[in-house]
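*Asks:* I'd like to go over a predicted model; first the sequence, then the structure.
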Amino acid sequence: MTTSNTSIGRGKKGSKFWMQTLVNRLSFLVELRKQGIDAKLILLNLVDDPTHIKTGLDDWLRHYEEIYQTMLGTTRCPDHVLLINMDVG
């Protein structure tokens, strides 16, 4: 399954909005940490949600690798970001 067939790839406009939202959250995390606040960003993904377009764990992991590569030049999850994948299928 590609991201274009899942809830994480709903066209260029939706994807661009989602990426901008994530950029804003990461920027805010950096600012909080600069102020000495031990902040973390938690990204919660619903895996195989039967009430919406099912998105599997591999799809989520691949999606974040692509996003991190585009934004940060690495596929590694940024420091102080917790990626939680909750299987609700």
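*Replies:* Cool, got the structure.

*Asks:* And the longest helix along the chain, what does it pack against?
*Replies:* Determined from DSSP state H, the single longest helix within the chain is helix 11-34. Counting contacts by 3 or more C-beta pairs under 8 Å, 6 or more residues apart in numbering; DSSP states H and E, helix 11-34 is packed against strand 41-47, helix 57-72. Every residue, glycine included, has its C-beta placed from N, CA and C.

*Asks:* Quickly, which of the ones you listed bottoms out on average pLDDT?
*Replies:* In terms of mean pLDDT, the lowest-scoring of these is helix 57-72 (a mean of 90).

*Asks:* In that helix, which residues are buried?
*Replies:* Of the residues in helix 57-72, Asp59, Trp60, Leu61, Arg62, His63, Tyr64, Ile67, Tyr68 count as buried by neighbour count, 16 or more other C-beta atoms under 10 Å.

*Asks:* returning to what we had before: nearest to Val23, of the helices and strands packed on helix 11-34?
*Replies:* In terms of C-beta to C-beta, the element of the helices and strands packed on helix 11-34 nearest to Val23 is helix 57-72, at 6.6 Å.

*Asks:* After that closest one, which helix or strand is next?
*Replies:* Next helix or strand after helix 57-72 toward the C-terminus (DSSP states H and E): strand 81-87.

*Asks:* got the CA positions of that next one in CSV?
*Replies:* The C-alpha trace of strand 81-87 is given here as CSV (Å, rounded to 0.1, in the frame of the first residue of the first chain):
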residue,chain,number,x,y,z
VAL,A,81,10.1,13.1,19.3
LEU,A,82,8.2,10.0,20.4
LEU,A,83,6.5,8.0,17.6
ILE,A,84,3.7,5.9,19.0
ASN,A,85,1.9,3.4,16.8
MET,A,86,-1.3,2.2,18.3
ASP,A,87,-2.9,-0.9,16.7
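
*Asks:* mind listing what's buried in it?
*Replies:* Val81, Asn85.

*Asks:* Quick check: neighbours of that strand in the sheet, parallel or antiparallel?
*Replies:* strand 41-47 (parallel) (DSSP bridges).
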